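Colleague: build me a model from this:
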Amino acid sequence: MSPMAISVFSFFCIFIGALLGLYLRSVLPKHHLSDKTMEAVKVGIALIATLTALVLGLLVSSAKDSLDKMTAEITESGARVILVDRILARYGPDTDKARAELRHCLASALEILWSEGEVSKFGENVLVQRAGIEEVHDMLRRLSPQDEYQRLIITQALGIMDEMAKSRWLIIERMQSTLPMPLLVFLVLWLTVFFICFGLLSERNATVIAVMFICALSVAGAIFLILEMSNPLQGFIKVSYAPLRNALAQIGQ
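Modeller: Modelled structure (predicted):
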C-alpha cells in the first residue's frame with residue numbers, strides 16, 4: 001500500500017474509533033459512566049498516550065535519520081563524481097572514454113530518478129541492473145600508465161570509484177529497508193483505542209466531533225510524514241538531486 005492509502009486507512013480507523021466512543025457513551029448504563037469508572041478510563045488513556053508518543057517519536061526519528069543519510073549519500077556521490085572527473089582529466093586523453101561513460105551513467109541515472117515509474121521498477125532498473133560505475137572502473141584498470149604520475153592518478157581514481165560503488169549499494173540496501181508493518185499496526189490500534197476512550201469521556205456535540213476529526217487527521221498526517229521520509233527517493237518528501245545535476249554539469253569542464 002502507498003503511504004497515502006495507509007494514512008487514509010489509519011484516519012478512518014482512528015476517527016471511527018472516536019465516533020464509536022461517543023456512541024458507547026450514549027448506550028452504556030449509567031453505572032458504567034460513574035466518576036470512578038471514568039477515572040480508570042483516564043488512567044488507561046494516559047498509559048496508551050505514553051506508549052503512542054514514544055512509538056511516534058521513535059518512528060519520526062528513524063524516518064528523519066533515513067532521509068538525512070540518503071541526502072548525505074547523494075551529496076557525497078555528486079562530489080565524488082566531480083572529483084574523479086577532475087583527476088582523470090589530469091591523466092590525459094586516454095581517459096576521455098571513461099569520462100564520457102561516467103557522464104552517460106550519471107545522466108541516465110538522473111533521467112530515471114526523475115521519472116514517475118513504479119518503486120520496484122525504479123529500484124531494480126536504475127540501481128541494481130545499471131552497471132555504469134563498474135564499467136568505468138574496468139576501463140580505468142585497462143589503462144597502461146606511462147609513468148609514476150599517471151599510476152598515482154589511476155590509483156587515486158580507482159579508490160574514489162570504489163567509494164562510489166559502495167555508496168551505490170548503500171543506497172540500494174536503504175531502499176529495501178521499510179517501516180515494520182506490525183509496529184504500524186500496533187500504533188494504529190493504540191490510537192484507535194485511545195480515541196474510543198476519548199469518545200467515552202466526551203459529550204456528543206458538533207464541537208467535540210470537529211475536534212476529534214482534526215485530531216485524527218493530524219495523527220494520520222504524522223503517519224503519512226513518517227512513511228514518506230522512510231522512502232526518501234520517491235513521493236512528496238524526497239532527497240534533492242541537485243548535487244547530482246551539478247556534478248553532471250561539471251563533468252568534462
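
Colleague: biggest helix in this protein by residues?
Modeller: Identified as the longest helix of the chain according to DSSP state H is helix 35-91.

Colleague: what's downstream of that helix, the next helix or strand?
Modeller: Per DSSP states H and E, the first helix or strand lying C-terminal to helix 35-91 is helix 96-113.

Colleague: next, the angle helix 35-91 makes with that next one.
Modeller: 160 degrees (axes from the mean of the first three to the mean of the last three CA atoms, to 10 degrees).

Colleague: in helix 96-113, what's buried?
Modeller: Within helix 96-113, the residues that count as buried by 16 or more other CB atoms under 10 Å are 98, 99, 101, 102, 103, 105, 106, 109, 110, 113. Any C-beta I mention is one placed from the backbone N, CA and C, and that applies to glycine too.

Colleague: the longest helix of the chain packs against which elements?
Modeller: Judged by 3 or more CB pairs under 8 Å, 6 or more residues apart in numbering; DSSP states H and E, helix 35-91 is in contact with helix 96-113, helix 148-176, helix 181-200, helix 206-230, helix 242-250.

Colleague: that helix versus helix 242-250: what angle between them?
Modeller: 10 degrees.

Colleague: and the angle for helix 35-91 with helix 181-200?
Modeller: Interaxial angle, helix 35-91 versus helix 181-200 (the same axes, to 10 degrees): 140 degrees.

Colleague: so how far is helix 35-91 off the chain centroid?
Modeller: How far helix 35-91 lies from its chain's middle: 8 Å, per CA atoms, centre = their mean, to the nearest Å.

Colleague: over to stretch 150-169?
Modeller: That offset, for stretch 150-169, works out to 28 Å (CA atoms, centre = their mean).

Colleague: same question for it, mean pLDDT?
Modeller: Confidence for stretch 150-169, expressed as mean pLDDT, is 86.

Colleague: and if you look at stretch 64-79?
Modeller: Predicted confidence along stretch 64-79 averages 86 (mean pLDDT).

Colleague: with stretch 187-199 instead?
Modeller: On average, stretch 187-199 scores 91.

Colleague: buried stuff in that stretch?
Modeller: Using 16+ other CB under 10 Å as the test for burial, stretch 187-199 gives 187, 188, 190, 191, 192, 193, 194, 195, 196, 197, 198, 199.

Colleague: what two of the residues you listed are the furthest from one another?
Modeller: Using CB to CB, the buried residues of stretch 187-199 span at most 19.0 Å, a distance reached by 187 and 199.

Colleague: quick one: low-confidence parts of the chain?
Modeller: Where the chain drops to pLDDT under 70, the residues are 112-132, 175-178, 253.

Colleague: any idea which of the buried residues of stretch 187-199 is closest to residue 170?
Modeller: residue 187 (27.9 Å).

Colleague: which residues are in contact with that closest one?
Modeller: Going by CB atoms under 8 Å, 6 or more residues apart in numbering, residue 187 touches 52, 55, 56, 59, 223.

Colleague: residue 198 is in contact with residue 42, correct?
Modeller: No: with contact defined as CB atoms under 8 Å, residue 42 and residue 198 do not form a contacting pair (10.4 Å).

Colleague: what's the local residue count around the nearest residue to residue 9 once chain neighbours are set aside?
Modeller: Leaving out its chain neighbours, the residue that sits closest to residue 9 by CB to CB, 6 or more residues apart in numbering is residue 1, at 7.6 Å. For residue 1, the neighbour count with other CB atoms under 10 Å is 10.

Colleague: what about residue 1, distance to residue 33?
Modeller: According to CB to CB, to the nearest Å, residue 1 and residue 33 sit 38 Å apart.
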